[in-house]
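1. Please find the sequence and the predicted model below.
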Amino acid sequence: MKKPTKIIRLLLILMAFAVIAACSSNNSKENPEGGEGAQGTNSPAAEAADKTLFIGMSIPPVAFNPLANGDIASTYVQGFLFDPLLVMDGPLSFVPKLATSIETTDNQTYTIHLDKQAVWTDGTPLTADDLIFTLNRAADPQVQSVYGAYVSILEGVEANGKLPEGQSEIPSINKFDEYTVTLKTKQPVDPNLVKEQIGAKILILPKHILENIAKDQLAQDPFMLNPTVTSGAFKFVKYEKDQFVQLAANEAYYQGKPKLANVYIKVLTVPNLVAQLQSGEIQMTSGGSPSKIPVQDYETIQNLPDVASSVEPTLNFQTVLLNQEKLKDVTLRQAIAHGIDRKFIVDELLAGTGEIINGPFTSLHAYSNPDVKAYDYDVAKSKALFEEAGWNFNDSLSLVVPTGNQIREQVANIIAENLRQVGVKVQISTFDFPTVMQKAKEGDYDLLLMGYTFTMDPDYTSMYGSNEPYNFMKYASEENDRLLLEGKNEADPAKRKVIYNRLQELWQEELPIIPLYSDPDFIPVSKKVVKGGPKVFGTFAELQNWDITE
């Protein structure tokens with residue numbers, strides 16, 4: 001009877017080892033983020049596959065169409081999905097993206113060499129045909145496009161950024177081979193203009209997916225809300241409107257497989273941005289206007305032990321757009337300008353961290369002209385100018401304000417109170433950003449608060465040029481259009497500086513907008529983030545290397 005007993009004991013021991021092994025295996029599956037049971041069991045590849053980054057922003061994106069949707073929230077999301085030719089990672093410093101280089105020997109003919117490893121997420125190679133398709137659609141009169149100002153430097157494209165009626169191809173663009181394109185500007189230009197505006201600002205679209213869509217329907221095509229074929233480090237998964245955008249790693253990304261498996265961009269109110277930074281539910285904000293943190297919350301975030309933060313100067317600027325068709329008298333526009341206390345806004349809402357500006361170029365901009373006219377707050381002068389313009393003090397000015405940027409909403413209240421002290425009534429209306437954009441395009445406002453981030457290159461034709469996509473003010477000036485064209489076509493930086501100095505003077509004389517301030521970016525990033533986060537320059541330069549510890 002002893003022999004069976006030994007066998008039974010042996011079986012019991014083997015069963016015990018099996019149970020221990022099973023428990024160890026279960027712990028590995030239940031703790032993919034690295035709990036005690038996972039130590040020594042997960043491979044590095046398995047750990048990387050589970051990494052998810054959560055980003056917060058307070059303004060919802062409108063759509064994911066690079067051609068037509070230039071609002072800052074949409075362009076932020078687009079940066080994960082679609083790649084440009086180059087990325088500007090510092091003032092007029094560029095690194096390769098879809099293009100390995102953009103070269104010129106005469107500042108007029110440019111050769112673009114594409115990265116032969118780049119493919120769309122459906123496996124189709126990204127080639128010269130995609131680049132040419134994108135540029136042609138940007139200039140096509142039938143296509144709604146915000147890229148017109150960028151391609152208007154090309155020979156064969158009119159000053160308004162469109163091809164002549166009946167044409168659909170830019171004649172100065174040529175396909176040398178599958179991965180090489182040449183283009184020619186109307187005359188020699190500063191190479192940095194081409195590198196920034198065509199290289200860094202234009203996101204390339206998939207010809208094989210979009211070429212058969214009617215041009216006048218391109219902006220409304222379902223692809224623009226569900227871009228299933230993209231070129232960036234991350235792929236689109238879904239957009240729960242006004243809630244979140246879900247992205248997944250593009251494992252075939254030509255610059256290397258991303259270290260993150262998933263990215264969620266959550267749409268949150270500003271108080272929830274702060275709360276979720278505190279709780280760790282988000283690891284960073286998008287930076288800039290889509291996630292502007294109020295100054296009163298800086299200290300709260302700076303005291304969080306698990307969050308690093310910094311305050312960075314920017315090219316961003318906040319402004320009051322003045323509807324030129326409703327406020328035709330420049331004296332009236334000057335009256336409004338003198339009635340706004342910009343110093344109070346910066347001191348009270350930005351705790352002195354902002355910069356009062358007198359044009360669209362902040363002090364960070366190489367072309368900023370510090371000597372232009374300033375409209376200082378002066379109640380008496382403002383009232384006198386309103387009277388000189390024949391203003392009926394029984395009337396009201398309509399002020400349209402987008403929701404989502406808490407500081408900007410407070411600015412609206414200050415402006416209304418400032419002008420009330422002058423004797424002028426202001427009716428504030430707040431709307432979500434898509435509605436504000438629609439009202440801006442239709443000219444359905446007197447005053448409208450808007451924030452912009454443009455380029456280091458000083459060509460802001462898309463905002464100030466007649467009939468341009470961001471000229472919501474309906475500003476029209478022959479001298480302005482002439483100088484914009486001269487500035488764009490001038491290759492000598494010193495001569496360009498003279499032109500843009502005069503343009504800044506003209507803008508302050510004619511007042512299509514009232515520049516308010518440039519607010520710095522308060523950038524909070526969880527200390528769990530190994531690499532990644534918003535930057536003034538080059539946020540999307542190395543998305544594939546963004547990483548987080550679990």
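-> Yep, it's here.
2. and residue 54, what helix or strand is that in?
-> strand 52-57 (DSSP states H and E).
3. List the residues that contact residue 62.
-> Residue 62 makes contacts with 69, 71, 73, 74, 433, 434, 437, as judged by Cβ atoms under 8 Å, 6 or more residues apart in numbering. For glycine as for every other residue, the C-beta is placed from the backbone atoms N, C-alpha and C.
4. Cross the residues you listed against strands and list the overlap.
-> Residues of these located in strands (DSSP state E): none.
5. Could you report the neighbour count for residue 533?
-> By other Cβ atoms under 10 Å, the residues close to residue 533 number 20.
6. So the closest residue to residue 475 other than its chain neighbours versus residue 222, what's the distance?
-> When the adjacent residues along the chain are set aside, residue 475 lies closest to residue 512, with 3.6 Å between them (Cβ to Cβ, 6 or more residues apart in numbering). Using Cβ to Cβ, to the nearest Å, one obtains 36 Å as the distance from residue 512 to residue 222.
7. ditto for residue 481
-> 37 Å.
8. try residue 337
-> 44 Å.
9. Residue 475 too?
-> 35 Å.
10. Check residue 141 too.
-> 24 Å.
11. who's more crowded, the two?
-> Taking neighbours as other Cβ under 10 Å, residue 141 and residue 222 compare with residue 141 leading, 18 against 9.
12. For the closest residue to the more buried one other than its chain neighbours, list the residues it contacts.
-> Take residue 141 and drop its neighbours on the chain: the residue closest to it by Cβ to Cβ, 6+ apart is residue 162, 4.8 Å away. Residues near residue 162 by Cβ under 8 Å, 6+ apart: 139, 140, 141, 148.
13. Tell me which entries of those residues lie within helices.
-> 139, 148 (DSSP state H).
14. Name the nearest of the contacts of residue 162 relative to residue 93.
-> residue 148 (26.0 Å; Cβ to Cβ).
15. which residues touch the residue nearest to residue 475?
-> Residue 512 neighbours (Cβ under 8 Å, 6+ apart): 321, 322, 324, 464, 471, 473, 475.
16. Distance of the fifth one relative to residue 465?
-> What that stands for is residue 471. Taken as Cβ to Cβ, the span from residue 471 to residue 465 is 6 Å.
17. starting at the chain centroid, how far to stretch 268-276?
-> For stretch 268-276, the distance from its own C-alpha centre to the chain's C-alpha centre is 20 Å (Cα atoms, centre = their mean, to the nearest Å).
18. Actually, stretch 421-439.
-> Counting by Cα atoms, centre = their mean, stretch 421-439 comes out at 23 Å from the chain centroid.
19. Quote the end-to-end distance of it.
-> End-to-end distance for stretch 421-439: 28 Å, by Cα to Cα, to the nearest Å.
20. Please apply the same query to stretch 534-550.
-> 20 Å.
21. That stretch: which residues count as buried?
-> By neighbour count on 16 or more other Cβ atoms under 10 Å, the buried set for stretch 534-550 is 534, 536, 537, 539, 540, 541, 542, 543, 544, 546, 547, 548.
22. how about the helices in the stretch 201-350 of the chain?
-> 207-210, 270-279, 298-302, 330-338, 342-349 (DSSP state H, counting those that start in this stretch).
23. Distance-wise, check the nearest residue to residue 477 once chain neighbours are set aside relative to residue 454.
-> Spatial nearest neighbour of residue 477, chain neighbours left out: residue 510 (6.0 Å); criterion: Cβ to Cβ, 6+ apart. Residue 510 is 19 Å from residue 454, where distance means Cβ to Cβ.
24. Same check on residue 204?
-> In terms of Cβ to Cβ, residue 204 sits 20 Å off from residue 454.
25. repeat for residue 502
-> 18 Å.
26. circling back: so which of the contacts of residue 512 are in strands?
-> 321, 322.
27. Point out where this protein drops to low pLDDT.
-> The model of the chain has pLDDT under 70 over residues 1-49.
28. coming back round to it: OK, contacts around the residue nearest to residue 477?
-> By Cβ under 8 Å, 6+ apart, the neighbours of residue 510 are 330, 475, 477, 480.
29. try 10 Å this time
-> With contact set as Cβ atoms under 10 Å, 6 or more residues apart in numbering, residue 510 has these partners: 322, 324, 330, 333, 464, 475, 476, 477, 479, 480.
30. one step back: out of the helices of the stretch 201-350 of the chain, which one sits most buried?
-> Highest mean neighbour count among those (mean count of other Cβ atoms under 10 Å): helix 330-338, with a mean of 22.
31. elements contacting that one?
-> Packing contacts for helix 330-338, counted by 3 or more Cβ pairs under 10 Å, 6 or more residues apart in numbering; DSSP states H and E, involve strand 317-322, helix 379-388, helix 406-422, helix 493-510, strand 513-518.
32. Put the alpha carbons of the fourth one into PDB.
-> As requested, C-alpha coordinates have been extracted for helix 493-510 and formatted as PDB (Å, rounded to 0.1, in the frame of the first residue of the first chain):
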ATOM      1  CA  PRO A 493      14.600  89.300 -46.400                       C
ATOM      2  CA  ALA A 494      15.700  93.000 -45.800                       C
ATOM      3  CA  LYS A 495      13.300  94.300 -48.500                       C
ATOM      4  CA  ARG A 496      10.500  92.000 -47.200                       C
ATOM      5  CA  LYS A 497      11.000  93.600 -43.800                       C
ATOM      6  CA  VAL A 498      10.400  97.100 -45.200                       C
ATOM      7  CA  ILE A 499       7.200  95.900 -46.900                       C
ATOM      8  CA  TYR A 500       5.800  94.100 -43.900                       C
ATOM      9  CA  ASN A 501       6.600  97.100 -41.600                       C
ATOM     10  CA  ARG A 502       4.400  99.200 -43.900                       C
ATOM     11  CA  LEU A 503       1.700  96.600 -43.900                       C
ATOM     12  CA  GLN A 504       1.600  96.600 -40.100                       C
ATOM     13  CA  GLU A 505       1.300 100.400 -40.100                       C
ATOM     14  CA  LEU A 506      -1.500 100.200 -42.700                       C
ATOM     15  CA  TRP A 507      -3.500  97.600 -40.700                       C
ATOM     16  CA  GLN A 508      -3.400  99.800 -37.600                       C
ATOM     17  CA  GLU A 509      -4.500 102.800 -39.700                       C
ATOM     18  CA  GLU A 510      -7.500 101.000 -41.400                       C
END
